[in-house]
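Engineer: what shape does this take:
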Amino acid sequence: MIALNFFTAVFGYQDAPYDGSYDPYSERHQHQRIRNEISVVCGRMVVLLRGVALAANWTLFFLTIVEPPYWCREGDHKYYGDCKEMFDLRGTTADGEQDRQLYPNSGSLMLTMSQSTWIELCCVGFNFFYILLKFADDGFIPRLFFYPGYKRLVHLSQIILIACITAGNMVQNSVFNPFFRMLLLGTYLRRFQREFGTFVKMIPRILNILAILAVITIFYAWFGVVMFYDSPQGHIAFPSLLEGIWTLWICVTTANYPDVMMPSYNEHRFMALYFVSYMLFSFFYLMNLVLAVAVNSYDESIADRRKYREQLSRELLTKAFELLDHEKKSEISRNTVMNVMVILNQDIPEISKLSHDEKSIFFAMLDKDGSSTISLDEFLLFGKVLLLDLHAQSEYATFVEMNLPRIYNSRFYQRVCNIVKSDNFEIMVDFILIMNAGIIAIQDYPMLSGQDVTEDPKYNDGYIDTVWESIETLFTILYLVEAILKIMVNGWKKYSESGRNLFDFVITVVAAIASAYVYYPNSYSNSDLIKFIVMARVLRLGRVMFTIDAFRMIGAISLDIIPAAASVFTVLLFIAYFFSWLGMMMFGGLITRDPRDPTAFKLLEANDFVVNEYWANNFNDMFSGLNVLFNLLVVNNWTECEIGFEVVTDRKWIVRCFFFLFHVLGVIGISNVITSFIINAFFQQMKTIEQRKGWEESIEGEAIIKGSEAFFDTSMVTGTETGVKNMYIARIKPQHLDVETDERAELRELFTRTSSCDESS
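Structural biologist: Residues are numbered from 1 along each chain as shown. As a prediction, this is how the structure comes out:
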């Protein structure tokens, strides 16, 4: 239970309080030896298999994309139903085009129905096994396993969803299984749950603004029906109140605003006042007001998260301290703290395995008064100490330095090191990159300028016998030399800590392997493979842009934001997944070009859909549906896609409600959440980047802080001897991607002695 308290304190979330979890180390359970041993083993298996469980549920989630859609499973073919036959069908279409897909699809059908079922049952079976492990971790006590609150909700949901998926397969009616799979995956994604909860809290505020929009839209639609009565504009866009509302809603989405207003504007220019005034109220004011509400709500959510995590960490560490302070002396010994770290190594793999030296250093950081005991105030820093990432400076020693000291200390090698580490070396690499890009541009100029190009047959004969091949090979050699020199001089550890270096290394190595594969005598001699990889080198030119401070800051901020944004985009993915599944149930197979199907001729009445060749925008399979919904997120011309579904269903308002709901949830809702996240994260990251650029700071002789790193001598830390003789580098490993950490302030706090220690010194 000590380990659980530390885990929660560090990672900032809690399934249940102490009373809601089984403690195999508790005195009250000492007589239940077998149960305790099973609980410990199963608890560790739960942690170790967490990634496997997550992978199994992502497999279930994406299974819907590659399995036969449910709308075409009713057929004579035992493997695919009618799906494969329909999806493979090609021929002359209803509008006379030849050799076309008659049921347009993405080609993502890969599994038979039985294969899909077996994969689903295997993944569900593992989920059930994983739940049993969690039940054993709770000592086989139902009261603890279903402890009221988050824990009960998650476990009950998982059991019910597993039962629903299994029942669907047993009765051979698994049409709702994709929906259940999505929900089951959601129970494992904490960050997704957090962001989805933020979105749900925003909904009432957003609905208030949308209610105002609805009132304004109804009024303008009413006015439009009366004003445009018996006119071309009225017949096209305002034949009734409902049609007028739909027309104005299209304007709000900015799909084709000019097309709506042009009939009346061509007749009377002052009619622009009607549409312009509506757009000013609805689009320019109310839609931006939605964004403002979203940003404000997200800021409040971030503040609440930070406050909750700080409070939770303090409460749990205080509880852990009380459990460890058996004699009630308000202090715990060095041995106790070291034993705690042993337990953490065993029970919490998320916390890096601690070496003996690291344990000694961590204890010294906690023992700020040099008393060899830890008080409560010192113990409360334990969560921050566990976030430290320590590296001995000896780990950065290069191969040459360790194994070839004579060469390393030679004047020639040191001169090479100085050159490679200099700014001039980077400038030279940038110059080579620019030359490389220029030569590629010259080589591709005929294609880029739209000319017909006849490729030299020697280019694909597997030999380096053209000027371009020789130049490309020369650049490949130069980049290999660059990578070898940097790794030799800086060492692999330091070299690989740079994302830019890793990108350069991957491109260079892949280009070298591709060149060897193409030019080494074998049956493959197509140089296009090298050409594509050489084009990827052009991306390295981005480093030239980032020599400018403004671009460098934006790049650094973006690299930090993108991983953190994954949970927000997951919410969008879930909404798109749900609507794609729902659309496949409602509209699957209706977008067809098969002349044997009357629906194909009916679809030809949707002139905009046909003229723009929107055949692939359908819900015939899951992937195609996701593409339709992405088009809706982009907004432009979504009405031309929607009209096709109106025509083939004869249920105009059901189709409109489907597209309307996705626009409200996806475009107005989640898109604004994503925008809010990016705005919030950008300013947080900008502040963090500025802090990392801070001055070199000395902490009372304990450490020197440069940027986001602290350099310190481990022999004595905050006045406590460690027995470790080395120089170390310390960095903070943030665990919460949504809330930024002031790394310099955290390092400063950890390396600062208390006044009592200073006095004793």
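Engineer: please count neighbours and contacts with C-alpha atoms only from this point.
Structural biologist: OK.
Engineer: just the pLDDT for the residue nearest to V610 when sequence neighbours are not counted.
Structural biologist: Among residues not flanking V610 along the chain, L604 sits closest, at 6.2 Å (CA to CA, 6 or more residues apart in numbering). We have a pLDDT of 92 for L604.
Engineer: and L604, how far from K652?
Structural biologist: Separation of L604 from K652 (CA to CA, to the nearest Å) stands at 16 Å.
Engineer: more neighbours: which of those two?
Structural biologist: L604 (18 against 14; other CA atoms under 10 Å).
Engineer: quick check on the more buried one: phi, psi?
Structural biologist: Note on L604: its backbone torsions stand at phi -60, psi -20 [degrees, to the nearest 10].
Engineer: so the residue nearest to V610 makes contact with E613?
Structural biologist: No: counting by CA atoms under 8 Å, L604 sits too far from E613 to count as a contact (10.6 Å).
Engineer: nearest to the spatial middle of this protein, which residue is it?
Structural biologist: A566 (2.1 Å; CA atoms, centre = their mean).
Engineer: leaving out chain neighbours, which residue sits closest to D299?
Structural biologist: Nearest one to D299, counting by CA to CA, 6+ apart, is N680 at 6.9 Å.
Engineer: what's near enough to touch the one you found?
Structural biologist: The contact partners of N680, taken as CA atoms under 8 Å, 6 or more residues apart in numbering, are 295, 298-299.
Engineer: got the buried residues for the host helix or strand of it?
Structural biologist: Assigned by DSSP states H and E, N680 falls within helix 671-692. The neighbour-count check on helix 671-692 (16 or more other CA atoms under 10 Å) flags 671-674, 676-678, 680-682, 684-685, 688-689, 691-692 as buried.
Engineer: circling back to that earlier point, among the contacts of N680, which ones are buried?
Structural biologist: Judged by 16+ other CA under 10 Å, buried ones among these: 295, 298-299.
Engineer: all strands of the stretch 501-650 of the chain, in order?
Structural biologist: Ranges of strands in the stretch 501-650 of the chain, per DSSP state E, counting those that start in this stretch: none exist.
Engineer: low-scoring pLDDT stretches of it, where are they?
Structural biologist: Applying pLDDT under 70 to the stretch 501-650 of the chain flags residues 519-537, 539-540, 542-550, 552, 556.
Engineer: returning to that earlier point: contacts only, for the residue nearest to the centre of the chain.
Structural biologist: Applying CA under 8 Å, 6+ apart, no residues contact A566.
Engineer: repeat that for S174.
Structural biologist: Contacts of S174 (CA under 8 Å, 6+ apart): 165, 168.
Engineer: and it, how far is that from M287?
Structural biologist: From S174 to M287 the distance is 40 Å (CA to CA).
Engineer: likewise for D23?
Structural biologist: 52 Å.
Engineer: hmm, L366 and R753 touching each other?
Structural biologist: No: counting by CA under 8 Å, R753 does not reach L366; the two are 9.6 Å apart.
Engineer: which of those two has more neighbours?
Structural biologist: The neighbour count for R753 versus L366, taken as other CA under 10 Å, is higher for L366 (27 against 23).
Engineer: now the more buried one, nearest residue through space, not along the chain?
Structural biologist: E378 is the one closest to L366 (CA to CA, 6+ apart), at 5.4 Å.
Engineer: likewise Y298?
Structural biologist: Using CA to CA, 6+ apart, the nearest residue to Y298 is S676, at 6.4 Å.
Engineer: what sits against that neighbour?
Structural biologist: With CA under 8 Å, 6+ apart, S676 has these contacts: 291, 294-295, 298.
Engineer: next one: K368
Structural biologist: Counted by CA under 8 Å, 6+ apart, K368 has contacts 378, 718-720, 752-754, 757.
Engineer: show the pLDDT at it.
Structural biologist: 84.
Engineer: right, and L541 touches M435 too?
Structural biologist: No: with contact defined as CA under 8 Å, L541 does not count as touching M435 (10.4 Å).
Engineer: count the neighbours of H268 for me.
Structural biologist: There are 10 residues near H268, going by other CA under 10 Å.
Engineer: ok so, going back, who has more neighbours out of L541 and M435?
Structural biologist: Higher neighbour count among L541 and M435: L541, with 17 against 13, using other CA under 10 Å.
Engineer: can you pull the contacts of that one?
Structural biologist: Applying CA under 8 Å, 6+ apart, the residues contacting L541 are 430, 433-434.
Engineer: that one and L248, how far apart?
Structural biologist: 46 Å.
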